[in-house]
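>>> give me a model of this one.
(2 chains)
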Amino acid sequence: MPRPPPRTERPPWTRQALPSLLSVALALLVCFIAIALSRSDLGVAARAYLEMIWGGLGDIPGFLATGDWSVLTRAWGESATKAALLTFTGLAVSAAFFVGLFNIGAQGQMTVGAIVAAVIGAKVTLPSGAHPLVAIAGAALAGALYALLPAVLKLRRGVHEVISTIMLNWIAVSLVENWLVVGPLRATASGDLSRSGTDEILATAELPRILGGLSRLNAGFPLALGAAFAVWFWLRRTTRGFETRAVGLGMNAARTAGIDIGARVYQTMALAGALAGTAGAVWVLGTEHKFPATLGASYGFDGIAISLIGQNHPLGVCVAAAFFGVLRAGGTRMQLLGVQKSFPELIQGLALLFVAGRLIWENLLRRPAKRMASEAEAPRA
Amino acid sequence: MAAVDGVSIELREGEIVALVGENGAGKSTLMNVLSGLYQPDGGEVLIDGEPVRFRSPRDAIARGIGMVHQHFMLIPPLTVAENVVLGSEPRRGGLLDIDAARIAVRETGERFGFSLEADAVIEELTVGSQQKVEIIKVLYRGARVLILDEPTAVLTPQESEDLFSVMRELAAAGHTILLITHKLREVLAVAGRVYVMRRGRLVAQVNARDSSELELAALMVGDAGRPRSTPSAHGTRGAVLLEIEDLRVLGARGVPALRGVSLKVHAGEVVGIAGVDGNGQRELAEAIIGLLQPTSGAVRLGGEPLHRLSVGEIRRRGLAYVPEDRLAQAIVGPMTAEENVALGRDRQLPFARGSLIDFAGRRARAAKLLEEYDVRPPDPQARIGSLSGGNQQKVVLAREMDAAPKLLVVVQPTRGLDISAVRAVHARLLSAREQGAGILLISLDLEEVLALSDRLYTLFEGRVTGELGRAEFDEKRVGALMMGAVEREPLAPRADA
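Sure thing, here's the model as predicted:
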């Protein structure tokens, strides 16, 4: 019977990353054409992209002209803030993939984490060093518990996690935004201003700004990078991480070898929820300083795209999050040219679509290389 | 090794021919050649005296050869008519002509005495009816020769009877049926001629009328009664290690798979389980290792009950397991050989230091084992999915033996391996026995069981039908017990059993 030829080396990282890089490039190209067509002007599209880059990476011509660093740091702060949130939610989705589960619920887990962080930040009095940490820990715990629900339903009752996490998203949104934020936790009116959302968090709970007044860049960004490293370390260097990968790649073989499947699934889903919950905390403590009327942004759903574009690798997630953080922060500048600011989201969506068609890329890439890892550690999404 | 080696068979119009043989005898390969899935390395297929070449199953069906698979290829939510025409739908103006499909299904059914509702949804039909849909499917495509692969494996006795009368109808209408099975009673009931295959070769052609189950069983098994290696450990067998008492287990579809099995394995002996596929072997192994929970009965290891313990705990108590389905149950394909060696023992020395992976220790142990077990390539970082089946099995065996088990449960340890790998695996099992381990060898390959075992039990329909010591090994007697024959004289309880 025919057998694939023995292949002893793992695919180099370039080969793993190539489908993502090509997908993003293609998405950029398609969007460029879309802008050019909508304005029937290539020049506008080119200038819009340029504005987006200056908006995300900092106005380099402006900096060169004036020598004012704040032109750059302000933009970096915006990009890094968005990148931090995308990193957390991207990791939350990736973590679940490690045990073969598709966590669509990062949005709900993030919402739960955000409201807990907002409450701890506003109602608990703590010294400034400990306050954000306690709020983040509370948010992570809330996210973890919320993510354990679908895991329990999956293992005990066979409920598909895609269904349960989607539904739990809506439950979280309804409970938090439609009840808590407008009901028991609504901001106490001060003076004649009517406010939406919850009470502002105490100053002690705010995530410290790294560059002081130069930028809104806060401690959430290094925290996200640290989390990515920690996830990688756990996955690749610890025995439990090893068992987790074994469960994701071959559940029956792992079970037969005596690995406790339930423990691995619960631990990993709790980790996923904790990461999404932390995203909520960083968003509240670092950017909004309260839970506003609605979460507004869909960072939890964006995490799915970030995770897949990052090929479920913690480093890949960081790179993808940084890239789309820059595009999104810069996207607002495109409005200056009358171009919709949501084009970065379109780029992200298209890139996800192209990555999802990874088999096509692999067939195209296989031709010169004959054969590459078709069982790369990716979900069958 | 050729799976099918120089086999010639002929099929005549309107006859039912059976092809029998043990697992791995080459039946499936032969039928896959006939149905266009495999290309032969030599020889040819002639239809009406004219040589044909099949590049795909589509070619085969175009020439009138249709295959009814053991595992149905039906789409459960669609109707009978939709399933039958799927792939060659009648069209009218570019749209599916479902009325034509209904009529075609009804007509085909009526011609051969099926009673099937064309609009019934597949998932609401019994297994027996689903199989009839499969048969109508090939007839609709114009098959003159129908190949049925283990058609009764999933049927109740009544459904089997039903199927046989359909087969007779078809033969009477001029169709030819090639029945592939290892259920000899059915062969004798329905077939005219019987071909017997063993180890890739055709060993006999007999008329069902003049034959008997015993004769066929003996032909299938061959002269396997003479052991290839003479185990030497008769004198050294130790205390009772594994004790199974009246074990009852439900199988996959909630049907009892084990109906009261009792057996013992001593330290330092190989105990074989002989039986035809699907008589409870798999469930026996999985109940011992803890993957299946018995409904009643007991499994004891060294006197300690294993009831309700996790697989991990049972393994820690000294049980090792080589499962039947290597790819699904024994290895994690995308992981490396060394990762697979550590699987399940990854928190112990030398694979871990504290809660971290000890990469150097793991690499060293894996490299030593791969060398010792002659795995090629002996590269601990090779992805195990890229190794050949034999080398994968050597890695699995290396892992299981490295845990220094008291008892090793092995299921089909040499399935699909070439001769040198088979020898290596057998030598490893015997050397584990020399070191005092008890081995429960569950295999569908009777030759293997007879060659390696010090003692064997025959399993039939979830019950132990016989227990034989090495001196009593006799392929005819074993074959008869495997087919459910009950020994006239009740087995005297052994002094030590």
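>>> count of residues packed around B:Leu202?
20 (other CB atoms under 10 Å in any protein chain shown). C-beta coordinates here come from the backbone N, C-alpha and C atoms, glycine included.
>>> test my guess that it contacts B:Ser8.
Yes: in terms of CB atoms under 8 Å, B:Leu202 counts as a neighbour of B:Ser8; the distance is 7.0 Å.
>>> joint contacts of these two?
For the pair B:Leu202 and B:Ser8, no residue contacts each of them under the criterion CB atoms under 8 Å, 6 or more residues apart in numbering or on different chains.
>>> pLDDT weak spots in the stretch 201-350 of chain B?
Using pLDDT under 70 as the threshold, the predicted model of the stretch 201-350 of chain B has low-confidence ranges B:222-236, B:253.
>>> output the set of residues of it in proximity to chain A.
Taking CB under 8 Å from any CB of the partner chain as the criterion, the neighbours of chain A within the stretch 201-350 of chain B are B:289, B:291, B:310-316, B:321, B:323, B:328-336, B:339, B:342-344, B:346-347.
>>> quick one, which of those are buried?
With neighbours counted by 16 or more other CB atoms under 10 Å in any protein chain shown, those contain buried members at B:289, B:291, B:310-312, B:314-315, B:321, B:323, B:329-336, B:339, B:342-344, B:346-347.
>>> narrow those residues to those in strands?
When DSSP state E defines the strands, the subset of these inside them is B:Tyr321.
>>> closest point of the stretch 151-300 of chain B to chain A, which residue?
B:Leu291 (6.6 Å; CB to the nearest CB).
>>> does that residue touch A:Ala254 like I think?
No: using CB under 8 Å, B:Leu291 is not in contact with A:Ala254; the gap is 12.0 Å.
>>> could I get the full set of helices for the stretch 251-381 of chain A?
A:251-256, A:261-282, A:299-309, A:314-334, A:343-356, A:358-369 (DSSP state H, counting those that start in this stretch).
>>> quick one, what contacts B:Val265?
Taking CB under 8 Å, 6+ apart, we find B:Val265 in contact with B:240-242, B:271, B:407, B:438-440.
>>> partner residues bridging it?
According to DSSP bridges, the residues that bridge with B:Val265 are B:Leu242.
>>> the one 5 residues further on too?
The residues paired with B:Val270 through beta bridges, assigned by DSSP bridges, are B:Ile439.
>>> next, the residue most central in space within chain B: secondary structure please.
Closest to where the C-alpha atoms of chain B average out (CA atoms, centre = their mean) is B:Asp277, at 5.1 Å. Using DSSP: H, G, I helix; E, B strand; the rest coil, the three-state assignment for B:Asp277 comes out as coil.
>>> roughly how far apart are it and B:Phe460?
The spacing between B:Asp277 and B:Phe460, counted by CB to CB, to the nearest Å, is 12 Å.
>>> repeat for B:Leu407
For B:Leu407 relative to B:Phe460 (CB to CB), the value is 24 Å.
>>> which one of the contacts of B:Val265 sits in the busiest neighbourhood?
Each of the contacts of B:Val265 was scored by neighbours using other CB under 10 Å; the highest score is B:Gly438's, at 29 neighbours.
>>> how many residues are close by A:Leu336?
In terms of burial, A:Leu336 registers 12 neighbours under the definition other CB under 10 Å.
>>> what sits closest to it if chain neighbours are left out?
Counting by CB to CB, 6 or more residues apart in numbering or on different chains, the nearest residue to A:Leu336 once its immediate chain neighbours are dropped is A:Glu51, at 6.1 Å.
>>> hmm, that neighbour is touching A:Gly331, no?
No: using CB under 8 Å, A:Glu51 and A:Gly331 do not qualify as a contacting pair, with a distance of 9.0 Å.
>>> more neighbours, those two?
When A:Glu51 and A:Gly331 are compared for neighbours, A:Gly331 comes out ahead with 24 against 20, by other CB under 10 Å.
>>> dump the residue contacts of the more buried one.
A:52, A:55, A:341-345.
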